[in-house]
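> coordinates only, sequence not included:
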C-alpha cells in the first residue's frame, strides 16, 4: 500500500484524484461537523464549493427537509440555517434532513476529490473507524489536508499523521511519500495532547476569538464519533 499526504488540496487539480482512494481532513471544522451531523441522524450531506451553488441547490428542495449550512471566515453566512459549529447539528435539528454545506476550506476539498474511486472524510472524532475502513479496502491512499485558505494547517496534518501511523502499524510493507513521513513525525510531536494542540494553532486561535472555544474541545475528542462518512455522486452518507 502506498500512502501520500497532501498538505493542502490547492497543490493539485481535481483530475489528480481520478480512480484514487482519498481521505479528506478538515479538523476545524468541516469534517468534524459532517461526521457529527451524520451520527446525529442527518440523511446526507451535499458539499458545495461556492455559496451561490449552495443556494441554488437548496432552492430546488421543498418541504423543509433540507438545511442550508456553512460558514465564511468562521461565521455563519447570512440567510443560512446553520453555521459550522458541531453543536448546531443536534439530533432534533438534523435528523432525516439533507444538509447542503459550504465551508471556507473543507467542502471545497471534498468537491475537488469528486473523481476519486472512493472518498471518506476524517477528523479526530472518527480516526479509528476510517483507519479500519482503509485497511479493509487495501488500496493506495491519498490523504488530503484541507488547510486554511490555501495554507498549511497543523491540526489537519497531525490528524493525517495519526491516521498514517495507525495504518503502518498494521501494514508492514507500506510505502510512504516524504509528506506522509513528515506527517507521522508531527503527529508524534504534537499529537499527545489534542486539546492543547487545537487551542494553539492559528485557526484554533481565530475560532477562540470568535467565541468557538468549546468547538475546539469537541474537535479534539479522539474516536468519539466512530462512523464512516463516504462521499459518492455528490453526496456524503454514513456507511456504518
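Received, thanks. Just so you know, these numbers come straight off a predicted model, no measurement behind them. Numbering: from 1, shown residues only.

> Check the burial of the nearest residue to residue 19 once chain neighbours are set aside by counting its neighbours.
Spatial nearest neighbour of residue 19, chain neighbours left out: residue 117 (4.8 Å); criterion: CB to CB, 6 or more residues apart in numbering. Glycine gets a C-beta too; all of them are placed from N, C-alpha and C. Per other CB atoms under 10 Å, the neighbour tally for residue 117 reads 13.

> got a list of what residue 117 touches?
19, 20, 21, 139 (CB atoms under 8 Å, 6 or more residues apart in numbering).

> C-terminal to the worst-scoring helix or strand of the chain on mean pLDDT, what's the next element?
Sorting the helices and strands of the chain by mean pLDDT, DSSP states H and E puts helix 51-59 at the bottom, at a mean of 77. Next helix or strand after helix 51-59 toward the C-terminus (DSSP states H and E): strand 66-72.

> residues near the nearest residue to residue 47 once chain neighbours are set aside, how many?
Once flanking residues are discounted, residue 47 sits nearest to residue 107: 4.0 Å by CB to CB, 6+ apart. Burial of residue 107 is recorded as 31 neighbouring residues (other CB under 10 Å).

> if I've got this straight, residue 107 is in a helix?
Yes: counting by DSSP: H, G, I helix; E, B strand; the rest coil, residue 107 is found in a helix.

> So it versus residue 46, what's the distance?
Note on residue 107: its distance to residue 46, by CB to CB, to the nearest Å, is 9 Å.

> Residue 134 contacts residue 22, correct?
No: the criterion here is CB atoms under 8 Å, and residue 134 misses it with residue 22 at 10.4 Å.

> Pull the residues that contact stretch 232-240.
Contacts of stretch 232-240 (CB under 8 Å, 6+ apart): 34, 38-39, 43-47, 110, 114, 119, 121, 129, 133, 227-230.

> In helices, which of those fall?
The helices, defined by DSSP state H, take in 34, 38, 39, 110, 129, 133 from the contacts of stretch 232-240.

> Contact partners for the residue positioned nearest the centre of the chain?
For the chain, residue 31 is the residue whose C-alpha lies nearest the centre (CA atoms, centre = their mean; 2.6 Å). Residues counted as contacts of residue 31 (CB under 8 Å, 6+ apart) are 24, 25, 106, 121, 122, 123, 146, 229.

> same thing with residue 65?
Neighbours of residue 65 in contact, by CB under 8 Å, 6+ apart: 43, 96, 97, 98.

> okay, and for this structure, where does confidence drop off?
58-64 (pLDDT under 70).

> mind listing the helices in it by residue range?
30-39, 51-59, 91-94, 106-112, 127-137, 154-170, 178-190, 194-200, 202-209, 213-219.

> from those helices, which stretch is densest packed?
Among the helices of the chain, ranked by average contacts under mean count of other CB atoms under 10 Å, first place goes to helix 30-39 (a mean of 29).

> quick one: that helix to helix 154-170, angle?
On the basis of axes from the mean of the first three to the mean of the last three CA atoms, to 10 degrees, helix 30-39 is oriented at 70 degrees to helix 154-170.

> Would you mind getting the angle between helix 30-39 and helix 127-137?
Using the same axes, to 10 degrees: helix 30-39 against helix 127-137 is 90 degrees.

> So which elements touch the least confident helix or strand of the chain?
Contact partners of helix 51-59 among helices and strands, from 3 or more CB pairs under 8 Å, 6 or more residues apart in numbering; DSSP states H and E: strand 66-72, strand 98-102.
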